[in-house]
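1. Predicted model and sequence follow; I will ask about them next.
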Amino acid sequence: MAEQKKAFTFLDPKTVTRISNMELRARRVVEGFLSGLHKSPFKGFSVEFADYRQYMNGDDIGLIDWKVFARSDKYYVKEFEEETNLKCFFALDVSGSMGFKSKKEFLSKQEYSYYLVSALAYLMIRQRDSVGLVCFDDKIRTYLPAKVRVTHLRRLFLAMEKTKLGKDTNLGKPIHETAELLKRRGLVVVVTDLWGDIDEFLTGIKHFAYDGHEVIVFHLLDPAELTFPYEEMSRFVDLENGKEVMLDPRIFREKYIKKVNEHLNYAKIELAKVGVDYKVLTTETPVDEALFSYLARRRKLM
Amino acid sequence: MKSLQFLNPIMLAGLLVIAVPVIIHLISRIRAKKINFSTVRFLEQIKIEASRMEKLRNLLLLFLRILLIAFIAFAFARPFFSNKTGKWASGGTKAAVIILDNSYSMGYGDYFSKGTAEALKITADYGPGDRLAVISGSERPKIFLQMTEGGKGAEIAVKSIRLSNLGTEFEPGIRLAEEMLMEAAVSTKTIYLITDNQESGWTKFDFNQKLSPGVLLKIIRVNENDNKNRNTAVTGVDLISESGRLSYNRIKARITRFADTESSVKVELDVDGVKQEKKLLIRPGETKVAEFTVDMKLNTAHQGYVKIEESDGLKPDNRYYFSVNKKYGLPILLLSGKAGSHEPVYLSKALSPMELKGLFEIKEKNAALFVEADKEKTRTIFLSGIEELKESAVPLLRRFVEDGGTFVLIPSGFTGEAELKRYNSLIKGLLPAELKSVEGGTDNWKFGFGLSPRLLDNPVLEGLTDPKYADWSSVSVIKYIKIGKTDGNVILSYDNGDPAFIEKRLGKGRVMLFSTSFDGTWNNFVLTPLFLPFIHQLVYTSGGEEENGEVLYFTSDAVSTSSEGVIKITSPSGREFKSGAEAEEPGIYSYTKKDKSVEYSAVNVRGFEEGDLAYTGTEEKELKLKNPLSEMKEVKNSLEYWTKKEEEEKQRWWWYLVLLALVAGTGEMILANYRR
């Protein structure tokens, strides 16, 4: 019972309420088994009319459009565009840097990502999409295949809960591996702080894109990582590899911010090139608000 | 070879402060806040990019800070260069000054030989590396051996000190010794005072001024068991004249008994070989006077002494010398007028009473014949014949006064105001006042005016102001010259207040105006008993006469002569004596003049002080003079410190170091605040 309760800690009721009216649709065509919100490449049973074709042996008699037969004396079968559910994979960065939070009142990036993924997963399940999870640092640490059942949601929460923060981020390799795992086209939501090698990450993302997946990248950052607000000589210890750099933030702040902005711009431009939906989130923005505004914006673009 | 030394080497510890920037760096590393950060990748990158300049800047900053601290530390350590190394003060060696008292009181018994033996004992204690000096210690200390390493020659120096005729005074010797020790850079400094420790030697000592820190006084008494010895001394001789400048008539000799027993003393007076004797019984501590009647005419020189004979005391103060030089007549010039005037008669009579020759040398001359040569050998000029005076003589008279002479103007034969006017213009600038008019006359006045003294303390009136003996009202003046406003001193005036006798200073000399005559016609002054002493006093005070004819010297006084033309001084033992040198030998010194004439002066020992053989303890004096600072540790090094300080102050390197520190500090400030 306690475990169950714990497993749902990331599903914030407030967030759930806020986004309950929203939906996350794939902009691309995705291949699902069930009918759902997303366009399927398969024509089948659906309410959305697609085309007429001549009746062929083996076709269901019930599909013959008798009105057309009456007019043309030919058997035509109505074809509908199939709307399917999608396989959504959350690729969650669990490298050491995700554990960073600059203020007590903030969530760490890891916690934030859990809330984010939980909310999105809930949303997906609710719209009958299947949800899978890949947690990675320099390799895949947790893999949970996509399922559509509600109980799967609980498993997903537990999987996240149990995943401990790893060490280095090696974004390229685990993403390639994840791409290999996903056979059918679907939605890949990557949540990362992108502090690894961005070029390697891009090749991984491109792999997804070529495979026909739709990719959303949530670039999760702590506000301190953007503004570097420290005021005194300090030793900065890398959460991933334990490296120390001692410097006076007052002297280096400007240069740091410039460097980070360059990094973000590069990521934005390169990801846009491969059609990836890229969204920077900072942990100071409440999850519900961030998610709501994102989903609202996305709906407008559909 | 000069080496670098420091005045305050302890300040070099300040160099340790150099470690401070490094320690601060380390501490700041330890104490720097540890912040876990997601990634230091960018921080590393920007640090590497900035590192080259930053590292250089940091190194430069560290260097400047180290320099700043080093300069300050060195400046405070006060560096200097010196040849002396390590030998500023060596604790092992010692220095001493031996003061051997050779005042004549040390001649008592075997005191002096005992003293010499004690001094020799001390010299034996001072070996190689030690420093020793020897001085004699009377009222005039003399260095017999300068501060010498190993005390070489100390023995000879001690043996060469002879007993003197000088008195005892400890202060000059001790201060001289102290000064000599100041220069010796050692830690143990002693002054050995070998003496009979006469109490009189300490009376003038300034005990408030302690010895220098680290200097110890050790008094070695040669008379340990004696507190007082017996002695009788001739402590003075007075020559008494009852006839002015003519002769000395009595001699009073003061004999003092410094003892606890009375003594009968035979006093012998010798004047020019003629002896007189007297016997005196003198009680303990008493001074008695032995009086002798003599007739020492002052027209010739005399020498003599007063001598006593005693068995138990000191010898040098048993004899007291005196000498009397020949008195020469004071030169006076009387400038008279027409033949037959009475002034010169009364004046010359007054100046040679009872036909006594030798008091004054009087020269008479008609005023018309006054020439420059006349003023050369005279001190006083009386002018009664103003009507004869030539205009050319006035500047000569003025110069005579300005050079220190006395010019006395006596009116004679003044008849009318026209004449007065002429005289006023003739000797204008020389007269103390303007002659205005002739007052009174035999026809008008039944009774004359008396004179009254106005300036009682004027030397001219000395002895002439007591109404019991000097009745100025007995003078009756019936005619006088009224004078105008004067800037001189009115010494005598008439009863009606008009000035009678005026003195005016001019240059070094003075002009005197008597406004009535000296011929017995205008007044009866010349006939009164006041006239003679008044004229004598007037001439005496005109300078050139020493009031107490005889100059008395004591041993240790610088003997010289005020008389001009002395070419040779001979000491009593017949040796030539340098004028101005300190006399050590009592007796009669003779001064030979250019004109072969000889004068004499006597030199005596200071029997009144030195003859008193009362002794005092040593410990109290030693303690009184001991500087409490001498016990402090740091004082031992104080001499070293001050010597070094002197050297350091000459070089003053610290000043430059402070300047460099300022430069380094400014550089540091600029660099520390520089941001790209």
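-> All right, it came through fine.
2. any idea of the pLDDT on B:Glu503?
-> At B:Glu503, the model reports a pLDDT of 91.
3. measure it to chain A for me?
-> Applying Cβ to the nearest Cβ, to the nearest Å, the value for B:Glu503 to chain A is 97 Å. Using the backbone N, CA and C atoms, a C-beta is placed for each residue, glycine as well.
4. hey, what's A:Val134 bridged with?
-> For A:Val134, the beta-bridge partners are A:Ala91, A:Tyr143 (DSSP bridges).
5. Just read off the phi/psi values of A:Glu200.
-> Note on A:Glu200: backbone dihedrals following degrees, to the nearest 10 are phi -60, psi -40.
6. same thing with B:Lys218?
-> Here the main-chain torsion angles of B:Lys218 (degrees, to the nearest 10) amount to phi -120, psi 120.
7. That one - how many residues pack around it?
-> 13 (other Cβ atoms under 10 Å in any protein chain shown).
8. In this structure it contacts B:Thr188, no?
-> No: between B:Lys218 and B:Thr188 no contact is recorded; they are 11.6 Å apart, counting by Cβ atoms under 8 Å.
9. Please export the C-alpha coordinates of stretch B:516-535 as PDB.
-> Extracted in PDB, the C-alpha atoms of stretch B:516-535 (Å, rounded to 0.1, in the frame of the first residue of the first chain):
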ATOM      1  CA  THR B 516      80.900 126.300  39.400                       C
ATOM      2  CA  SER B 517      84.600 127.000  39.700                       C
ATOM      3  CA  PHE B 518      87.400 125.300  41.600                       C
ATOM      4  CA  ASP B 519      89.200 128.500  42.400                       C
ATOM      5  CA  GLY B 520      87.700 129.600  45.700                       C
ATOM      6  CA  THR B 521      86.000 132.700  44.200                       C
ATOM      7  CA  TRP B 522      82.600 131.400  43.300                       C
ATOM      8  CA  ASN B 523      82.400 129.000  46.200                       C
ATOM      9  CA  ASN B 524      84.200 127.700  49.200                       C
ATOM     10  CA  PHE B 525      84.300 124.000  47.900                       C
ATOM     11  CA  VAL B 526      88.000 123.900  47.500                       C
ATOM     12  CA  LEU B 527      88.400 124.900  51.200                       C
ATOM     13  CA  THR B 528      86.100 122.300  52.600                       C
ATOM     14  CA  PRO B 529      87.300 118.800  53.700                       C
ATOM     15  CA  LEU B 530      85.200 117.300  51.000                       C
ATOM     16  CA  PHE B 531      87.200 118.600  48.100                       C
ATOM     17  CA  LEU B 532      90.200 116.300  48.400                       C
ATOM     18  CA  PRO B 533      88.400 112.900  48.800                       C
ATOM     19  CA  PHE B 534      86.000 114.000  46.100                       C
ATOM     20  CA  ILE B 535      88.700 114.800  43.600                       C
END
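10. pLDDT (mean, whole number) over it?
-> Here stretch B:516-535 scores 86 as its mean pLDDT.
11. and stretch A:275-294 with chain B, contact?
-> No: applying Cβ under 8 Å from any Cβ of the partner chain, one finds stretch A:275-294 separated from chain B by no less than 11.1 Å.
12. So in chain A, where's the weakest helix or strand by average pLDDT?
-> Each helix and strand of chain A was given a mean pLDDT (mean pLDDT, DSSP states H and E); the minimum falls on helix A:2-7 at a mean of 42.
13. How about chain B: which residue is closest to chain A?
-> Closest contact between chain B and chain A, by Cβ to the nearest Cβ, is at B:Ser38 (3.8 Å).
14. list the contacts for that residue?
-> Counting by Cβ atoms under 8 Å, 6 or more residues apart in numbering or on different chains, B:Ser38 makes contact with A:97-98, A:100, A:109, A:193, A:195, A:222, A:225, A:238-240.
15. filter these down to the ones close to chain B.
-> Answer for those near chain B (Cβ under 8 Å from any Cβ): A:97-98, A:100, A:109, A:193, A:195, A:222, A:225, A:238-240.
16. Nearest to B:Ser164 among these?
-> Closest approach to B:Ser164 among the ones next to chain B among the contacts of B:Ser38 (Cβ to Cβ): A:Asp238, at 99.0 Å.
17. Can you report how many residues lie near the residue lying closest to that closest one once chain neighbours are set aside?
-> Closest residue to A:Asp238 apart from its sequence neighbours, by Cβ to Cβ, 6 or more residues apart in numbering or on different chains: B:Val40 at 4.4 Å. Residues within reach of B:Val40, counting by other Cβ under 10 Å, total 22.
18. Quick one: residues contacting B:Val40.
-> A:236-238, A:243-245.
19. Check whether B:Ile481 really touches B:Thr516, as I assumed.
-> Yes: in this structure, B:Ile481 is within contact of B:Thr516 by Cβ under 8 Å, at 7.2 Å.
20. where along the stretch 101-250 of chain A do the helices fall?
-> Taking DSSP state H, counting those that start in this stretch as the criterion, the stretch 101-250 of chain A carries its helices at A:109-126, A:150-162, A:172-181, A:198-210, A:223-227, A:249-273.
21. Next one: the last one, is it in contact with chain B?
-> Okay, so that is helix A:249-273. Yes: shown here: helix A:249-273 in contact with chain B (Cβ under 8 Å from any Cβ) through A:251-252, A:255-256, A:259-260, A:263.
22. For residue 190, list each beta-bridge partner.
-> Using chain A. With DSSP bridges as the rule, A:Val190 is bridged to A:Ala91, A:Val217.
23. let's do chain B instead
-> Going by DSSP bridges, B:Thr190 forms beta bridges with B:Ala96, B:Leu216.
24. sorry, back to before: please tabulate the contacts of B:Ser38 in JSON lines, including the columns distance to A:Ser72, pLDDT and neighbour count.
-> Shown next, in JSON lines, are those (distance: Cβ to Cβ, whole Å; pLDDT from 0 to 100; neighbours: other Cβ atoms under 10 Å in any protein chain shown):
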{"residue": "A:Ser97", "distance to A:Ser72": "66", "pLDDT": "88", "neighbour count": "31"}
{"residue": "A:Met98", "distance to A:Ser72": "63", "pLDDT": "89", "neighbour count": "29"}
{"residue": "A:Phe100", "distance to A:Ser72": "69", "pLDDT": "89", "neighbour count": "25"}
{"residue": "A:Lys109", "distance to A:Ser72": "63", "pLDDT": "90", "neighbour count": "29"}
{"residue": "A:Asp193", "distance to A:Ser72": "62", "pLDDT": "89", "neighbour count": "25"}
{"residue": "A:Trp195", "distance to A:Ser72": "65", "pLDDT": "86", "neighbour count": "26"}
{"residue": "A:Asp222", "distance to A:Ser72": "67", "pLDDT": "92", "neighbour count": "24"}
{"residue": "A:Glu225", "distance to A:Ser72": "67", "pLDDT": "91", "neighbour count": "23"}
{"residue": "A:Asp238", "distance to A:Ser72": "74", "pLDDT": "89", "neighbour count": "21"}
{"residue": "A:Leu239", "distance to A:Ser72": "71", "pLDDT": "86", "neighbour count": "22"}
{"residue": "A:Glu240", "distance to A:Ser72": "69", "pLDDT": "84", "neighbour count": "26"}
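25. Just the ones of those residues in strands?
-> A:Asp238 (DSSP state E).
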